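Asks: Got a predicted model here, sequence first, then my questions.
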Amino acid sequence: MSLLRCISAEAEEERWRLLLVANFAGLANVLILVSINASAHAAEQRDGSSLVKFLALIALYALCSRHAKRRMSSLIGMVVHRIRVRVGDRVAGAELAVLERIQASEICDLITENTMMISDRAGFVAVLLQSSVILAFAVIYIACLSLPALMLLLVICLVAAGLFVGMRRDLIRLTQQNAGTRVGFMERLMDLLAGFKELQFSRRRGSEVRAEAVAASDALRAATIRSSDLLNDGLLIGEGVLLVLVIAVVYLHQGVAALDAGTITHLLAAVMFLWGPLMGVIGGIMPYMRSNMALAQIDDLEGRLDAVVREAPTIADEDPWHGRAHGLVAAGVAYRYPAHDDGDAPFCVGPLDLEFVAGEVVFIVGGNGSGKSTLVKVLTGLYVPSEGQLRLDGVVVGAANVAAFRDMIAAIFSDFYLFPRLYGLGERDAEANLLIEQMQLTGKVALADGAFTTLALSTGQRKRLAMIVALLEDRPICVFDEWAADQDPEFRQYFYAELLPQLRARGKMVLVVSHDDRYFHCADKVVTLEYGRLRALEHVARDGAAP
Ligand SMILES: Nc1ncnc2c1ncn2[C@@H]1O[C@H](COP(=O)(O)OP(=O)(O)OP(=O)(O)O)[C@@H](O)[C@H]1O
């Protein structure tokens, strides 16, 4: 959708009022020109009342033009705001498997860069729209002065428009190239920042990464120069058109039409007077075209998000469990990742038949890449099974109720994210600080007004904070993916020998992904995976001794 259409849709019924105000501004502007021309040629027109008329027209123009430009800028701001919210909602409403297919860096770049581009150029676009209205009135005035002059003006403008159309093609090509170049540069910058530590240990690796970052920056520089050259060419064409217009008017009476000196002076005054609005149009065309391209790129991103979102069923709000979970059954459940571009067979976990009950601790174990985390994502409703079904207390987990199902799970994944605040948990400072003491983090971090005082902690300490959040959530199903991997021996012991039994005693259904074979006896059941298949399902005797 073009920016003009977006503005019009945003303005709703205000659009007609805005158009009227912009037209008043255009009319007042041209009436000032007409009055100047009249006063310049007739002494009787230069009295006090004509001065008042001038001042009134100037005031009318200033007020209407100011209102129209301000409203247009603010409507463009609203269009951009709505785009941000819409794309944000689409991302928030997407499924994990969907988001894994679109790079987060690409989403961020497309939203921030393009919306900033539209916002930054909103002023130019507002001037363009207002100037276009003024020009339309000026064309009527020129037509009244001389039809041949109007024809000449239209021919010159058509030639200029043809040049702009040619430039638009270049601009589209450059805009697409620039987006790719910018993402490339951001990726190299991330290499430098995220891989900072690794780069300290190899000067050669460091210089190779730096060389690629410099090359990406250079490509970005060249791309930016090409774009600004194109914009400058656009401005130059506009200025050229103006000069050609002035010269054409002067020579007009010698060629096509015999004009008297008075009309020529009026025409020249018109062209010179319209220099500002003409430059407003010319200066605004490129930013307007660029804004439309930014909109097209956002449309494309939204289309891609929609296309993958359409594959996933719409999530509804049904809640057949009301916060209680007794038995979770995976019946013939399998999950297959999307096929690779290179034709390699994608990884598949399952089909598996498994059962988990409340008050039971189940360990999911296996070698690296055996599918433990993938299985956990299926069991927690993050991935929709490719085959089979998940049933909680006899009710199939599906699109209609998966949101309620997920609301019953407290999960800490191996690549967990720690929010700086206790979102969704209300006022829990006292309880949280008690748990912080239990987790031996007192003096390191505290919870004040729902926010952690710091997150600058070690990996193990941050995982303990994530555990505190999970315990505060107090959900019937707990999932811990390699939580103990970063804990010291004392805390590892606390996790397996104290925390898990406490959760079992409280009737929680606990799923633990673990490599700690020293503690496998702490489980009620051990599910062993190998290449995505079930290798063994062992029940552990409850006296603590492995069978
Ligand atoms: N986002 C993804 N897209 C495509 N394939 C993936 C993705 N994540 C994992 N895989 C594939 O799934 C396989 C199993 O990965 P998974 O993370 O489930 O293993 P894991 O048993 O948890 O391993 P680890 O013990 O190393 O954490 C991987 O070998 C990989 O081929």
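Replies: Cool, the structure landed.
Asks: from the chain's centre, how far out does stretch 329-339 sit?
Replies: Chain-centre distance of stretch 329-339: 31 Å, with Cα atoms, centre = their mean, to the nearest Å.
Asks: Just the buried residues of it, please?
Replies: Within stretch 329-339, the residues scored as buried using 16 or more other Cβ atoms under 10 Å are 329-331, 333-336. Using the backbone N, CA and C atoms, a C-beta is placed for each residue, glycine as well.
Asks: can that stretch be found next to the ligand?
Replies: Yes: residues of stretch 329-339 are located near the ligand by Cβ under 6 Å from any ligand atom, namely Y337.
Asks: what sits up against that stretch?
Replies: Outside of stretch 329-339, the residues within contact range by Cβ atoms under 8 Å, 6 or more residues apart in numbering are 97, 101, 345-356, 374-375, 377-379, 383, 385-392.
Asks: So, low pLDDT: which residues of the chain?
Replies: For the chain, residues meeting the criterion pLDDT under 70 lie at 42-46, 98, 103, 105, 252-259, 308-316, 341-342, 542-547.
Asks: Distance-wise, check the spatially most central residue of it relative to R290.
Replies: In the chain, the C-alpha closest to the average C-alpha coordinate belongs to I111, at a distance of 3.6 Å (Cα atoms, centre = their mean). Using Cβ to Cβ, to the nearest Å, I111 is found at 16 Å from R290.
Asks: circling back to that earlier point, wait, which of the buried residues of stretch 329-339 is closest to L171?
Replies: For these, the minimum distance to L171 (Cβ to Cβ) is 42.7 Å, reached by R336.
Asks: How about the backbone phi and psi for the closest one?
Replies: phi -120, psi 130 (degrees, to the nearest 10).
Asks: same question, H266
Replies: Dihedral pair for H266: phi -60, psi -40, per degrees, to the nearest 10.
Asks: do A330 as well
Replies: Dihedral angles of A330 (phi, psi; degrees, to the nearest 10) stand at phi -100, psi 110.
Asks: what sits opposite it in the beta ladder?
Replies: Counting by DSSP bridges, A330 forms beta bridges with L354, L390.
Asks: Use 27 as the first number for this chain going forward.
Replies: Let's use 27 as the start, then, which means that last one is A356.
Asks: any idea how far it is from V404?
Replies: Distance, A356 to V404, using Cβ to Cβ: 8 Å.
Asks: where do the contact lists of these two overlap?
Replies: The contact sets of A356 and V404 overlap at L416 (Cβ under 8 Å, 6+ apart).
Asks: Distance from the chain centre to the longest helix anywhere in the chain, please.
Replies: Ranked by residue count under DSSP state H, the longest helix found in the chain is helix 229-278. Taking Cα atoms, centre = their mean, the mean C-alpha location of helix 229-278 is offset from the chain mean by 27 Å.
Asks: I'd like to know which elements it is packed against.
Replies: Helix 229-278 sits against helix 173-220, helix 222-226, helix 287-299, helix 301-337, with contacts defined as 3 or more Cβ pairs under 8 Å, 6 or more residues apart in numbering; DSSP states H and E.
Asks: ok, now with 6 Å
Replies: helix 173-220, helix 287-299, helix 301-337 (3 or more Cβ pairs under 6 Å, 6 or more residues apart in numbering; DSSP states H and E).
Asks: Excluding sequence neighbours, find me the nearest residue to G149.
Replies: Nearest non-adjacent residue to G149, counting by Cβ to Cβ, 6 or more residues apart in numbering: S99, 6.1 Å away.
Asks: and the helix or strand that neighbour falls within with helix 301-337, angle?
Replies: Using DSSP states H and E, S99 maps to helix 74-118. With axes from the mean of the first three to the mean of the last three Cα atoms, to 10 degrees applied, the angle from helix 74-118 to helix 301-337 works out at 20 degrees.
Asks: From the contact counts, what lies against helix 74-118?
Replies: helix 29-37, helix 40-67, helix 130-146, helix 148-171.
Asks: for the shortest one, which positions count as buried?
Replies: Right, helix 29-37. For helix 29-37, by 16+ other Cβ under 10 Å, it's 29, 32-34, 36-37.
Asks: Nearest to the ligand among the residues you listed?
Replies: The nearest member of those to the ligand, counting by Cβ to the nearest ligand atom, is C32 at 35.2 Å.
Asks: Now do the SS call for whichever residue of the stretch 127-276 of the chain sits closest to the ligand.
Replies: Residue nearest to the ligand within the stretch 127-276 of the chain: R127 (8.6 Å; Cβ to the nearest ligand atom). What DSSP: H, G, I helix; E, B strand; the rest coil gives for R127 is coil.
Asks: again with P372
Replies: Put simply, P372 is coil when judged by three-state DSSP.
Asks: The one 4 residues further on now?
Replies: G376 falls in the strand class when you classify it by three-state DSSP.
Asks: Give me the nearest residue to it, chain neighbours excluded.
Replies: G376 sits nearest to A360 (Cβ to Cβ, 6+ apart), 3.2 Å away.
Asks: now H292
Replies: Closest residue in space to H292, ignoring its immediate chain neighbours: N63 at 4.8 Å, by Cβ to Cβ, 6+ apart.
Asks: so the one you found touches L293, yeah?
Replies: No: if you go by Cβ atoms under 6 Å, N63 and L293 don't touch, sitting 9.5 Å apart.
Asks: which residues do these two both contact?
Replies: With contacts defined as Cβ atoms under 6 Å, 6 or more residues apart in numbering, no residue is shared by N63 and L293.
Asks: Between those two, tell me which one has more neighbours.
Replies: L293 (27 against 21; other Cβ atoms under 10 Å).
Asks: Report the contact partners of S28.
Replies: Remark: with contacts taken as Cβ under 6 Å, 6+ apart, S28 is in contact with N318.
Asks: roughly how far apart are it and V47?
Replies: Counting by Cβ to Cβ, the gap from S28 to V47 is 21 Å.
Asks: How about G407?
Replies: 53 Å.
Asks: For C504, see how far away the closest residue to the ligand within the stretch 27-176 of the chain is.
Replies: Here the stretch 27-176 of the chain gets closest to the ligand at one residue, E126, 4.6 Å apart by Cβ to the nearest ligand atom. Relative to C504, E126 is positioned 24 Å away (Cβ to Cβ).
Asks: The two: which has the busier surroundings?
Replies: Counted by other Cβ under 10 Å, E126 and C504 do not tie: C504 has more neighbours, with 26 against 14.
Asks: Need phi/psi at that one.
Replies: According to degrees, to the nearest 10, C504 has phi -120, psi 130.
Asks: what are the bridge partners for it, then?
Replies: Beta-bridge pairing for C504 (DSSP bridges): A436, V536.
Asks: How about the contacts made by it?
Replies: C504 makes contact with 436, 529, 534, 536, according to Cβ under 6 Å, 6+ apart.
Asks: Among the residues you listed, name the buried ones.
Replies: Counted by 16+ other Cβ under 10 Å, the contacts of C504 give 436, 529, 534, 536 as buried.
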